[in-house]
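Engineer: Task: produce atomic coordinates for the following.
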Amino acid sequence: MLSIKLMVGQLLAGLAIGVQAMPAMAELSPPEINSIARQTTVLIAPGLTPELRRDLEENRNNPLENRQVWNPGSGAIVAREGNKYYVLTVAHNFFQRYLDTPEFWQNSGGTPFYGIRTWDGEVHKVEGVNDGRGCPLRGIAEVRSLIRFGCRDRFVPDTETVDRNDGQDNVKGIDLAIISFTSPKDYAVASLGDASTVKIGDRVYISGWPDPELEQAQAGQSVRPVSRRQRRLAWGSVGAKLSPDASNQGYSIFYTDCTRAGMSGGPVFDKDGRLVGNHGLGSSNKQSCGSEGSANSFMESRERPDAPGQMPDANSLRQRFSGSQQVNQALDLTQQSRLRLPFNLQMPTAELINRGLAGQAVQVPFGSSGRLEFDIAADRTSGAFDDPSDVIPDIYKEYSSFSGLGSRVRDVPSGGCGTILLGEPCP
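Structural biologist: Residues are numbered from 1 along each chain as shown. Down below sits the predicted model:
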C-alpha cells in the first residue's frame, strides 16, 4: 500500500487515468466541519453483559479495587468495502481485561463483543474482537474484526509484566486500532488528509463522546452513574509536532483544545474537513478552554521545547497540550501489515456536508463567555460545541439491549440509589 503522500499525489495527478485534479477549496466553516464530524464519529464500548455490569458496580462501590471500569471511547469511519465499515480509533479503548476474561461473556460462550454506535443511533454488534495477541502484543496484525497496533493493560512500572491488581495502567506499542462492523446502510466515510501539511498554529477540530463518569474518577470524586451522553466538537491550535515513535506511543500532534475525557479515538480534522489524526491524550495543565491569547503563545515563549538549545520532548508536551496520533502513521502501519483497506482520499463533498447540516443547531457554548454563535474569535485559542443533535439519552440501556441482553439485565441485584443496574433515582 502506498503512503498517503504518494496516494494523494497520484489522486491529484489524475490526468494519467483521465481524472481531473480537484480545484482548491475554501476553508470550511465550523458548522460544516461539525456536519462531517456528526456523520463519521462513532462511539465504541463493550457490550454490557450482566456479568460486566456486576463487575462495574462492584468497582464503583470499591474504589480501592483499582481496576479498569467500563468507559466508552470514540472513533471515526475511515473506509468501506461493500457492507463492511472500518473505524480508526486508539488501542487504549480496548482493555485487555475485557478481551481475555471469558467470565464477562457467559451468554456468548466466553467470546467478547463490542458495540459501535453510528450517528443514526444504531448500535452495531462486533464479534470476534479478541485477536489472541495478548498484551504486550504477540505476532503481526491480521485482518479481523479488531486490528490493534498497541494494547492496554496494567503493568509493573518500567516492565512488560502484567499485574492487574497493583500494576499501572499503560499502553504498549502504537496507540492505534481499527475495528470493523457490518451494515447494509449507507454511512459517510471520513476523507483522509495529510498530517505532514498541518503546521504549528493551524486550527484543528476534534470530535468525540465525553464520558462524565471518567471525568469524575480523574478528579478524585465519588463516581455516580451518568447515563446521558452528548457528542462534542472541540477546536484549538496546533502547538507542537513530533515524529511518531513507539517510545511516545505514536503521539505526534499536540494542540490546545477543549476536549474532555472519553473523546479518545475521535477524529481530528484539518480546516478542510479531512481527518489528519485521532485524539487520545488530554492534559490537565493545558490552557483553559476558550481563554484569550495568542494561538502560538506557548511556542513563542522561552520555555518552548524547540527553543535554541532544547529539543521537543514528548513528556513535556503531554503536560502542556492534548495530543493525537496522525493518519499518516495509521496508513504506514496498515501498509506494513499488508492490510489493504479502501480509504477515502476524496475531498468532502457538498452533498455530505449538506446532509449533516440539516437540523443542526447554530449556538455554541464558548467557555466562560456564555453562549455565542458558531464563531471563532482571533483572540481565543480554543472552544467547543456540545451538539444538541447528537445525544444518547441512556447509554446503559443502549449497550445492554443492542445484543438482546435487555431482558437479562434485571437478573443482576440492584446496588440501590445511584447504581446503573436498575437506574434507581437518588433522593
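Engineer: what about the helices in this protein?
Structural biologist: 4-13, 30-40, 50-61, 96-99, 212-218, 314-320, 327-336, 350-357, 395-401, 406-409 (DSSP state H).
Engineer: all strands for the stretch 51-200 of the chain, in order.
Structural biologist: Secondary structure of the stretch 51-200 of the chain, counting by DSSP state E, counting those that start in this stretch: strands at 73-81, 84-89, 113-117, 123-127, 146-155, 168-182.
Engineer: For my notes, please list the ones you listed in a markdown table and give mean pLDDT for each entry.
Structural biologist: Converted to a markdown table, those look like this (pLDDT from 0 to 100):
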| stretch | mean pLDDT |
| --- | --- |
| strand 73-81 | 97 |
| strand 84-89 | 97 |
| strand 113-117 | 96 |
| strand 123-127 | 95 |
| strand 146-155 | 94 |
| strand 168-182 | 94 |
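Engineer: for the ones you listed, which one sits closest to L341?
Structural biologist: L341 lies closest, by Cβ to Cβ, to one member of those: strand 73-81, at 4.5 Å. From N, CA and C alone the C-beta is placed, and that goes for glycine too.
Engineer: quick one: contacts of that closest one?
Structural biologist: 40-45, 85-90, 92-93, 116, 118, 178-179, 187-190, 192, 207-209, 262-267, 275, 278-279, 341-344 (Cβ atoms under 8 Å, 6 or more residues apart in numbering).
Engineer: Any of those residues buried? List them.
Structural biologist: Listed as buried from these are 40-45, 85-90, 92-93, 116, 118, 178-179, 187-190, 192, 207-209, 262-267, 275, 278-279, 341, 343-344; burial here means 16 or more other Cβ atoms under 10 Å.
Engineer: still on that earlier bit, pipe the strands of the stretch 51-200 of the chain into CSV and attach distance to S401 per row.
Structural biologist: What follows is those, written out as CSV (distance: least, Cβ to Cβ, whole Å):
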stretch, distance to S401
strand 73-81, 20
strand 84-89, 21
strand 113-117, 10
strand 123-127, 8
strand 146-155, 22
strand 168-182, 17
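Engineer: so which of those gets nearest R203?
Structural biologist: Evaluated with Cβ to Cβ, these place strand 73-81 nearest to R203, the distance being 18.2 Å.
Engineer: which of the residues in that closest one are buried?
Structural biologist: 73-80.
Engineer: Could I get the contacting residues of the residue nearest in space to the middle of the chain?
Structural biologist: Geometric centre of the chain, nearest residue: G265, 1.6 Å, by Cα atoms, centre = their mean. G265 makes contact with 44, 73-76, 88-90, 93, 208, 278-280, according to Cβ under 8 Å, 6+ apart.
Engineer: ok, back up a step: most packed of the helices of the chain?
Structural biologist: Among these, helix 30-40 has the highest mean neighbour count (mean count of other Cβ atoms under 10 Å), at a mean of 25.
Engineer: Other residues contacting that helix?
Structural biologist: 28, 76-77, 119, 187-191, 205, 207, 231, 233, 235, 267, 269, 273, 275, 348, 352-357, 360, 362, 364, 374-376, 385, 387, 389-390.
Engineer: Going along the chain, name the strands of the stretch 201-350 of the chain.
Structural biologist: Along the stretch 201-350 of the chain, the segments classed as strands by DSSP E, counting those that start in this stretch run 203-208, 229-241, 253-255, 267-269, 275-281, 322-326.
Engineer: returning to what we had before: dump the contacts of G265 into CSV; add distance to Q218 as well.
Structural biologist: Shown next, in CSV, are the contacts of G265 (distance: Cβ to Cβ, whole Å):
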residue, distance to Q218
I44, 19
G73, 15
S74, 17
G75, 21
A76, 24
L88, 25
T89, 20
V90, 17
N93, 16
G208, 16
N278, 20
H279, 16
G280, 15
